[in-house]
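1. would you be able to build a 3D model of this:
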Amino acid sequence: SGLLDEPPSGFLDTVLSGRKVLIVDDDVRNVFALTSVLEGYGMEVLYAEDGHAGIELLHRNPDVALVLMDVMMPGLDGYATTAAIREMPQFAELPIIVITAKVMKGDREKSLASGASDYVPKPVDVDHLLDVMRNWLQPTVVR
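-> Predicted structure coming up:
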């Protein structure tokens with residue numbers, strides 16, 4: 001069982017399937033790996049290689065259900081992008097999961113302070129990421 005476990009064929013993930021996710025990350029290999037997994041779970045994946053493009057894509061796709069945000073990007077980094085998205089009233093409740101390679105003391109706090117909903121370290125453990133995503137996309141959760 002490798003990093004990218006495919007769901008069984010015909011498997012329907014009722015929480016993830018049919019939802020739209022935006023990945024904001026300048027590392028194409030990372031995006032490609034995540035995209036293939038998420039599409040396997042029936043998700044529609046949008047991709048932006050920097051914060052500005054991510055914000056623009058969100059405006060064009062208000063039905064995005066969740067954002068996976070890489071921290072280390074040129075230009076607008078993940079924290080700044082997250083903070084900018086949080087300033088738009090229509091995205092106040094949008095789950096934004098920050099993915100960061102530098103897991104140092106204070107990083108989780110910094111992620112959450114910027115407006116991130118949650119935080120997943122790199123290298124990404126896909127099963128953990130999927131659990132975190134399901135947690136934020138559960139329709140039953142009342143916030």
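2. centre of the chain to the helix or strand of the chain with the lowest mean pLDDT, how far?
-> Ranked by mean pLDDT, DSSP states H and E, the weakest helix or strand in the chain is helix 107-113, scoring a mean of 83. Distance, stretch centre to chain centre, for helix 107-113: 15 Å (CA atoms, centre = their mean, to the nearest Å).
3. any residues touching the next helix or strand after that helix, and which ones?
-> For helix 107-113, the following helix or strand on the C-terminal side (DSSP states H and E) is strand 118-121. Here strand 118-121 makes contact (CB atoms under 8 Å, 6 or more residues apart in numbering) with 95, 97-101, 103, 107-108, 111-112, 128-129, 132, 135-136. In short, each C-beta sits where N, CA and C put it, glycine included.
4. can you rerun that using 7 Å?
-> Strand 118-121 is contacted from outside by Ile97, Val98, Ile99, Thr100, Val103, Arg108, Ser111, His128, Leu129, Val132, Trp136, using CB atoms under 7 Å, 6 or more residues apart in numbering.
5. which of those lies closest to Glu49?
-> Proximity of the contacts of strand 118-121 to Glu49 (CB to CB) peaks at Ile99, which lies at 14.3 Å.
6. pretty sure the closest one contacts Asp125?
-> No: counting by CB atoms under 7 Å, Asp125 is not a contact partner of Ile99; they are 11.0 Å apart.
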